[in-house]
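In: please work out how this folds:
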Amino acid sequence: MASFKDHVSHKIVKLLFAADSGMGKTSALASLANAGYRLAIIDMDNGLDVLKGLLKPEAYDRVFYKTLSPHEPASWDVAESLTRTWKTDTEDLGPISKFTDNDVLVIDSLSFLGSAAMAKAKSLASIDPKAVGFNQAVWGVAQNLLEFLVARLTSIHTPCNIIMTTHLQVVEDEATGSKKVYPASVGKALPAKMNRYFNNVWRIDAKPNGDRVIRTVADYSMALKCSSKAIGKEATLDLAAHFKTMISS
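Out: Numbering: from 1, shown residues only. So this is what the prediction gives:
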């Protein structure tokens, strides 16, 4: 019988990393490259400049990226292709299926990848934009594109670490009027489903003194979770340290 300590989830982190813009989602990635991880980043935000001042000199060779526009249909095609085989005009890292637990595939951000999915869905629409049901059909296609990609990357068939950064979206329940915060993606229904695909869902919070912390435990506004009890409900922004803790605990 296989030992549970050898379960793939013991070595692989699938993280949905949520915060408002400017809270440090992207800059937190630097600790992973500095610790020896290889990062392949699909940059939908055009916001990787912040890493320049945070990476150690030797870590630059461990960071690969492709910057895409979030509002062009072709961006979805490129991003989807990169999540299968990482090949650009300047680099070829091979199939993602051959990546290891020392690799981190990053989508920065899921929110803007959702915008690319919407652009792709609109380009696929063959009916008259004025027709009844057009908007619903486009939203449905975009949601399916994004959900299928997330499901594939977070499945057992993807052997590397996954980080998807995301902005926050407030969704109101039409029946009760109550409001909850979800990872922004596409529409109102899909954000509420995103958490189920990840073994870790964390949010960056700002403390009254200005310090920023990672919150790993659910609160009144948002469902969160962490695969290791060794990480407290509030933690530093040192992702490399937390990866080490999760793998060893």
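
In: just the helices from this structure, written as ranges.
Out: Assigned by DSSP state H, the helices in the chain fall at 30-34, 73-82, 110-124, 134-153, 191-194, 239-248.

In: so which bits of the third one are buried?
Out: Looking back up the chat, that one is helix 110-124. Across helix 110-124, burial judged by 16 or more other Cβ atoms under 10 Å covers 110-121. C-betas here are computed from N, CA, C, even on glycine.

In: so where's this structure uncertain?
Out: 1-10, 126-135, 174-175 (pLDDT under 70).

In: thought Ala117 was touching Ala142?
Out: Yes: between Ala117 and Ala142 there is a contact at 4.4 Å, judged by Cβ atoms under 8 Å.

In: which residues of this protein fall in strands?
Out: Taking DSSP state E to define them, one finds strands in the chain at 14-18, 38-43, 63-67, 85-87, 92-95, 103-108, 161-166, 168-172, 179-183, 200-206, 212-215, 234-235.

In: hang on, the earlier thing: of all the helices of the chain, which one is nearest Thr216?
Out: Between Thr216 and the helices of the chain, the shortest gap by Cβ to Cβ is with helix 239-248, which sits at 8.7 Å.

In: how about Ser221: what's its closest non-neighbour residue?
Out: Excluding the flanking residues, the one nearest Ser221 by Cβ to Cβ, 6 or more residues apart in numbering is Val181, at 4.7 Å.

In: please verify my assumption that that neighbour contacts Asp219.
Out: No: if you go by Cβ under 8 Å, Val181 and Asp219 don't touch, sitting 9.3 Å apart.

In: when these two are compared, which one has more neighbours?
Out: Higher neighbour count among Val181 and Asp219: Val181, with 18 against 12, using other Cβ atoms under 10 Å.

In: coming back round to it: quick one: common contacting residues for Ala117 and Ala142?
Out: Listed as contacting both Ala117 and Ala142 by Cβ atoms under 8 Å, 6 or more residues apart in numbering are Val186.

In: for stretch 73-87, buried residues please.
Out: Buried, per 16+ other Cβ under 10 Å, within stretch 73-87: 73, 75-76, 78-80, 82-83, 86.

In: ok, so of those, who is nearest Lys229?
Out: Thr83 (30.7 Å).

In: got the contact list for the residue most central in space within the chain?
Out: Residue closest to the average C-alpha location in the chain (Cα atoms, centre = their mean): Met164, at 0.8 Å. By Cβ under 8 Å, 6+ apart, Met164 lies in contact with 15-17, 106-110, 150, 153, 198.

In: can you pick the most crowded of these?
Out: Of all the contacts of Met164, the highest neighbour tally under other Cβ under 10 Å goes to Ser109, namely 28 neighbours.

In: next, give phi and psi for that residue.
Out: phi -130, psi 170 (degrees, to the nearest 10).

In: if we can go back for a sec, which two of the contacts of Met164 have the greatest separation?
Out: Pairwise distances across the contacts of Met164 (Cβ to Cβ) peak at 15.3 Å, for the pair Asp108 and Phe198.
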